[in-house]
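coordinates for the following, if possible.
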Amino acid sequence: MANPCAEGRALSHLESIQFFQSPAHACSYLEGRQATTVFADPERQISTEEYSTLSGLGFRRSGPYVYKPYCQTCQACVPTRVPVRDFFEGRRHRRIRRLNADLSMQITPPRDNETLWLLYQRYIRARHADGDMYPPSREQFSDFLVVGRPEARFIEFSLDERLIAVAVVDWLSDSLSAIYTFFDPSESKRSLGTFAILELISRAKHLGLSFVYLGYWIEQSPKMNYKGDFLPQERLGPSGWQRYPIPPLR
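Just a heads-up that it's a prediction; the model follows:
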């Protein structure tokens, strides 16, 4: 349950930031729907503390833009985060960890090179040919994932020195925010998207952070409802962050 006093302090902390609302545009997630977006002033230098507070209010990042869906007639996009100390790693998760035990990992600053670009290109062509990110372009890759914020890092997963997956993540004051993951489509049996989230949860717990933000859970969107597999989790509604599944009454 949200703490009204804490939320009031958070909003007061953000008073100097201007917010803008986009015109209605086609929804990226649900076909046939219109969406509007609120975004923080892109000319304003937003601190890590402010960005962390905005994340706690349901905002996300795409490239340099910090935004939140603001649709009057639809609340399908539900901000979701995992409280890492309470996360339960189930049998499927443990199986995925075993499948990927042969991978090496390194953390790097965001950058654009041929290896990263070609992996991103293959991923978009194979997994998102029906979406608004197709066809992929080098400019799109850079604007979306390379250019952004100082908190961003690439977590790169390799098999025998061959890059097969990249998780883009922001290091916030009290959490990690999963921005995007792309991987080699030929390695789909490894469930690399799920494995990347498991690694973020483990890393956040090791660092003493509270949450991993997963973005928006959208029940009606098959490409987004996988986020419901990481339990327990918290979802942001009108009355604040709510635990899911709902704890039984005692």
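
per-domain residue ranges of the protein.
Split into domains by automatic domain parsing, the chain comes to 4-79+230-244, 83-216.

distance between the shortest one and the chain's centre?
Read it as domain 4-79+230-244. Centre-to-centre, domain 4-79+230-244 and its host chain are 12 Å apart (CA atoms, centre = their mean, to the nearest Å).

quick one: average confidence on that domain?
For domain 4-79+230-244, the mean per-residue pLDDT is 90.

related to what we said a few turns ago, looking at the domains of the chain, which is buried most?
Of all those, domain 83-216 carries the top mean neighbour count, a mean of 17, counting by mean count of other CB atoms under 10 Å. All C-beta spots, glycine's among them, are computed from the backbone N, C-alpha and C.

in this protein, which spans are strands?
19-21, 25-26, 34-35, 37-40, 60-62, 65-69, 78-83, 104-108, 152-159, 162-171, 175-183, 211-217, 233-237, 240-244 (DSSP state E).

thought residue 28 was touching residue 131?
Yes. Judged on CB atoms under 8 Å, residue 28 makes contact with residue 131 at a distance of 7.2 Å.

residue boundaries of the helices in this protein?
Assigned by DSSP state H, the chain shows helices spanning 4-13, 48-56, 91-99, 114-127, 138-141, 192-206.

dump the domains of the chain into JSON lines; add distance to residue 223 as well.
Converted to JSON lines, those look like this (distance: least, CB to CB, whole Å):
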{"stretch": "domain 4-79+230-244", "distance to residue 223": "8"}
{"stretch": "domain 83-216", "distance to residue 223": "8"}
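
roughly how far apart are residue 23 and residue 29?
18 Å (CB to CB, to the nearest Å).

meant to ask about residue 188, not that
22 Å.

can you check residue 148 too?
Taking CB to CB, one finds residue 148 at 21 Å from residue 29.

what do you get for residue 136?
With CB to CB as the criterion, residue 136 and residue 29 are 19 Å apart.

same check, this time on residue 233
19 Å.

next, the distance between the ends of stretch 226-237.
19 Å (CA to CA, to the nearest Å).

contact partners of it?
Residues external to stretch 226-237 that are found in contact with it (CB atoms under 8 Å, 6 or more residues apart in numbering): 57-58, 78-83, 86-88, 92, 193-194, 197, 201, 211, 214-217, 219, 241-245.

do the same with stretch 104-113
Contacts of stretch 104-113 (CB under 8 Å, 6+ apart): 138, 141-142, 145-148, 152-159, 161, 168, 199.

rerun at 7 Å
Identification of contacts with stretch 104-113 by CB atoms under 7 Å, 6 or more residues apart in numbering yields 141-142, 145-146, 148, 152-158.

circling back: now distance to residue 177 too, for the helices of the chain, in CSV please.
Converted to CSV, the helices of the chain look like this (distance: least, CB to CB, whole Å):
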stretch, distance to residue 177
helix 4-13, 16
helix 48-56, 6
helix 91-99, 20
helix 114-127, 19
helix 138-141, 19
helix 192-206, 9
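
residue 36: which of the ones you listed is closest?
With respect to residue 36, and counting by CB to CB, the nearest of the helices of the chain is helix 48-56 at 17.6 Å.

helices or strands next to the closest one in the packing?
In terms of contacts (3 or more CB pairs under 7 Å, 6 or more residues apart in numbering; DSSP states H and E), helix 48-56 is packed against helix 4-13, strand 175-183.

show me how far the shortest one is from its chain's centre.
To tie it back to what came earlier, the one meant is strand 175-183. Remark: strand 175-183 is offset 5 Å from the chain centroid, using CA atoms, centre = their mean.

sheet partners, orientation included, of that strand?
Strands that pair with strand 175-183, judged by DSSP bridges, come out as strand 162-171 (antiparallel), strand 211-217 (parallel).

report the mean confidence score over the first one.
If you average the pLDDT over strand 162-171, you get 98.

contacts for that strand next, please.
61, 115-116, 119, 145, 149, 151-158, 176-184, 187, 192, 196, 200.
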